[in-house]
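Visitor: A structural model of the following input is requested.
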Amino acid sequence: MTSTQSEIEVAYDVSNEFFRLWLDDRMHYTSASYLSGTEALEQAQQQKCAILYNFAEMNSDKLVLDIGCGWGANIEYLVSRRVKRIHGITLSTAQHEEIEARNLPGVWTKVVDYKEFKPTEKYDALQSIEMIDHLCSPAQSHKGQAVDLYRAYFAKCHSWVKPGACFGFQAILRNRVPRNRKDLEDLRFTADVIFPGGLNPRLEELVAAVNPYWEILELRTQRTSYGKTTAEWLARLHKHEGHIRERFGDKVYEDYDRYLSTCVKAFDNYWSSDVQMKLQALPV
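Guide: Have a look, this model is predicted:
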């Protein structure tokens, strides 16, 4: 099943203060987009938002929904681009509280499972950044259910939009399986302990699942960008080791050190990647 609210809160509700220590200044918890490779993390995160803004064909007058909106970093970017009406949904109460505290104009957010969400009007555009990895469990994938689950998600999204609307979409990908037992254990730890109930899709599963609801107009992968992003997060985590151990405990620090170190290795070794897509709603 889709990750439950309790599983989402394991992943994202450790403490807003904890995540603020090692994410960028706006708290993006998704891959940045390094275009030159020399940017600061903060700039690369803004570049990610700009790419997805353009993919969604946004402008200030469009009503947009951010599905899995995190702590509101992408929403805040949309506000900076003078988008007047922005909706967001998340399953994390801590993330929702952070968005509310930012007091952003024209923004409405709700704690709700996407399957239960019922918009009161059609959207002009959609955005979703690395939320889809919470939709299919490893057990469901092993049973061959992944494409059907992703297709149900894309069908639901399609039902929320006006004809021809565009969707700026980003997802973490799983590519290769490592052969080393320790590497496999570290990846399993990341899935079971840090993000319980979730699984990154394969690119070919997403390409199959968007049909017959969405056309892929553009697609770019950014494996090296996510490698740089996670390496920067790891460096910032290390910088605050003493405070994290004292404030949140040794286990939290050691779990996240293992998780982020595994992520860096996964992107370096082609086990994982990241994709950005421009999708357009098809007549169905």
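
Visitor: Now do the same contact list for residue 20.
Guide: Applying C-beta atoms under 8 Å, 6 or more residues apart in numbering to residue 20 gives the contacts residue 27. Quick note: C-beta positions are derived from backbone N, CA and C, even for glycine.

Visitor: any idea how far the helix or strand hosting it is from the chain center?
Guide: Assigned by DSSP states H and E, residue 20 falls within helix 16-22. Distance, stretch centre to chain centre, for helix 16-22: 17 Å (C-alpha atoms, centre = their mean, to the nearest Å).

Visitor: what's the answer for stretch 265-278, then?
Guide: 13 Å.

Visitor: In this structure residue 138 contacts residue 191, no?
Guide: Yes - between residue 138 and residue 191 there is a contact under C-beta atoms under 8 Å: 6.7 Å.

Visitor: how about the strands of the stretch 1-150 of the chain, start to end?
Guide: Using DSSP state E, counting those that start in this stretch, the strands of the stretch 1-150 of the chain run over residues 63-67, 85-90, 107-111, 123-129.

Visitor: could you dump these to JSON lines with distance to residue 256, mean pLDDT and mean neighbour count?
Guide: Formatted as JSON lines, the strands of the stretch 1-150 of the chain follow (distance: least, C-beta to C-beta, whole Å; pLDDT from 0 to 100; neighbours: other C-beta atoms under 10 Å):
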{"stretch": "strand 63-67", "distance to residue 256": "25", "mean pLDDT": "98", "mean neighbour count": "24"}
{"stretch": "strand 85-90", "distance to residue 256": "21", "mean pLDDT": "97", "mean neighbour count": "23"}
{"stretch": "strand 107-111", "distance to residue 256": "24", "mean pLDDT": "97", "mean neighbour count": "16"}
{"stretch": "strand 123-129", "distance to residue 256": "20", "mean pLDDT": "98", "mean neighbour count": "24"}
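
Visitor: Indicate which one of those strands is closest to residue 216.
Guide: For the strands of the stretch 1-150 of the chain, the distance to residue 216 is smallest for strand 123-129, at 14.2 Å, taking C-beta to C-beta.

Visitor: re earlier: looking at residue 138 and residue 191, which is more packed in?
Guide: A count of neighbours by other C-beta atoms under 10 Å puts residue 191 above the other of residue 138 and residue 191, at 19 against 14.

Visitor: The more buried one: what's it in contact with?
Guide: If you count contacts by C-beta under 8 Å, 6+ apart, then residue 191 has 138, 198, 199 around it.
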